[in-house]
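Peer 1: Sequence first, then the predicted structure, then my questions.
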Amino acid sequence: MTHTTSNYRRLTTTVLALACLLLSPLSFSQSLSESDVQAFIRSMQAMQPLQDKYQDVFDAEEDDADDDIDFSRLMSDGIRRMKGHPAYNEVESLVKQQGFSDIENWASIGDKVVQAWFALEMGAQSPQIQAEMNAAMAEIENNPNMSEAQKAQMRAMMQQGMSAMATGASAPEANKKAVRPYLDQLKAVMDTEE
């Protein structure tokens, strides 16, 4: 039985290693170009009338969104939740007009742009933010006026913040380099979306 278990583990390890080798080029080979970033910004600017038209839908989507947000997939998750609504087809038509092959391609590029933007914004502030989060967590844990349920809720919110920081830190350098020249434009267009 030990020999069989050993062979099984070796086989599992080999299969996982091969899967990683096969999948990693697909995941990481496509870095952002400056033209990707420009096209994404143009698409967000062009999307403003749709944002206004479907504001109630987008607001309801935000309210229904899971508390456990994957900051590396903000755009993709938003598109996934929008499926089945008339706004989906209009967004897809708009992003195709902006040069994207389809809505999933747009969302994938958008995910990379937002992640790189987030990484650049957080970069210099990361140690200070981490220290503040640790201090806030200690304050929560030591607060006798908070119930365990309230503490659990606060821990979940802090975990979300830490997840956001980790996501930002994992943005590839090539993507941050592509986004850096467009930070002001990106901030402006994303502020109008909020």
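Peer 2: Structure received. Numbers count the residues shown, from 1 in each chain.
Peer 1: mean confidence for stretch 120-134?
Peer 2: In this model, stretch 120-134 has an average pLDDT of 74.
Peer 1: Domain boundaries for this protein, per the record?
Peer 2: Using automatic domain parsing, the domain ranges for the chain come out as 1-30, 31-193.
Peer 1: which of the ones you listed is buried the deepest?
Peer 2: Highest mean neighbour count of the domains of the chain: domain 31-193, a mean of 15 (counted as mean count of other Cβ atoms under 10 Å). For every residue, glycine as well, the C-beta is placed using N, CA and C.
Peer 1: picking up where we left off before, worst average pLDDT in the domains of the chain?
Peer 2: Comparing mean pLDDT across the domains of the chain, the lowest value falls on domain 1-30: a mean of 42.
Peer 1: Distance check, Pro49 against Glu121.
Peer 2: If you measure Pro49 against Glu121 using Cβ to Cβ, to the nearest Å, the figure is 27 Å.
Peer 1: do the same with Pro127
Peer 2: Applying Cβ to Cβ, one obtains 14 Å for the distance of Pro127 from Glu121.
Peer 1: and Lys96, what does it touch?
Peer 2: With contacts defined as Cβ atoms under 8 Å, 6 or more residues apart in numbering, the neighbours of Lys96 are Asp102.
Peer 1: Toward the C-terminus from the strand or helix carrying it, list the very next helix or strand.
Peer 2: Here Lys96, judged by DSSP states H and E, is contained in helix 86-97. Tracing the chain past helix 86-97, the next element assigned as helix or strand by DSSP H and E is helix 103-123.
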